[in-house]
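Novice: sequence first, then the predicted structure:
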Amino acid sequence: MAVESSFTVPDAVSFAEAIALTQALLDGLEQGKVTAATLETTIAALVCSENGARGFFVTYLSDDRALADQPMPTVVAALQTSSAIVSPLLVKNLAMSTAMAMTHRRNQDETMAEGSERVRSRTLQLIQVLQLPQVQVEAQQLLQAIEMSTGSYQTFLERWGYDLEQRQAMQQTLEAAGIVAPASGLDAASEVG
């Protein structure tokens, strides 16, 4: 089939190639030229590598079309094939989009802030639909870095220069979504007992 051959994912796909493939895939989907099977196999092939998954998410989550607003079952199934790669990227996308919405608002750029909010909302929806246990593990590690400035996500927070207010917003997003337990919930429980 001509459509399927145009979505061959190279074994060592680059970040740029993954972005281009995802864009072409979304264009084909919008035009009705991509089958569910092609969609699933192409996304599964993309997300089995770090570069492929990063390229997929940066394109899929930020696309202006409504295609990513309600994840299709084929997208969900494809993402579930690589939970070890997908989980940390979802947590990082959630953290980054939360922080960037704040940054854009500080810079009085509401259009960009809305784009970051869209990415945050879509990421949250994927997290909730996918129900990957590894997401909770990754989110807990991010929370540890936010609260104690230690752990595997500390380098991530430092690399992007997130300030205290942005880190608190990340924590609130994780807690509000039920991905991690609210810190205040533990305090309230100990006071009752």
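Specialist: Done, it's in.
Novice: and the one helix or strand Val91 maps to, what's buried?
Specialist: Using DSSP states H and E, Val91 maps to helix 83-106. Taking 16 or more other Cβ atoms under 10 Å as the basis for neighbour counts, the residues of helix 83-106 that come out buried are 83, 85-104. For glycine as for every other residue, the C-beta is placed from the backbone atoms N, C-alpha and C.
Novice: how far away from the center of its chain is stretch 104-120?
Specialist: In terms of Cα atoms, centre = their mean, to the nearest Å, the centre of stretch 104-120 is set 16 Å apart from its chain centre.
Novice: sorry, slip of the keys, the one I care about is stretch 137-145.
Specialist: 15 Å.
Novice: and the contacts of that stretch?
Specialist: Under the criterion Cβ atoms under 8 Å, 6 or more residues apart in numbering, residues 87-88, 90-91, 95, 150-154, 156-157, 170-171, 174, 179-180 lie in contact with stretch 137-145.
Novice: hmm, who's touching stretch 173-181?
Specialist: Contacting residues not belonging to stretch 173-181 are listed as 94-95, 98, 120, 124, 127-128, 135-136, 139-140, 142-143, 171, 182-183 [Cβ under 8 Å, 6+ apart].
Novice: how does it look with 10 Å?
Specialist: Around stretch 173-181, the neighbours that count as contacts under Cβ atoms under 10 Å, 6 or more residues apart in numbering are 90-91, 94-95, 97-99, 101, 120, 123-125, 127-128, 135-136, 138-144, 146, 171, 182-185, 189.
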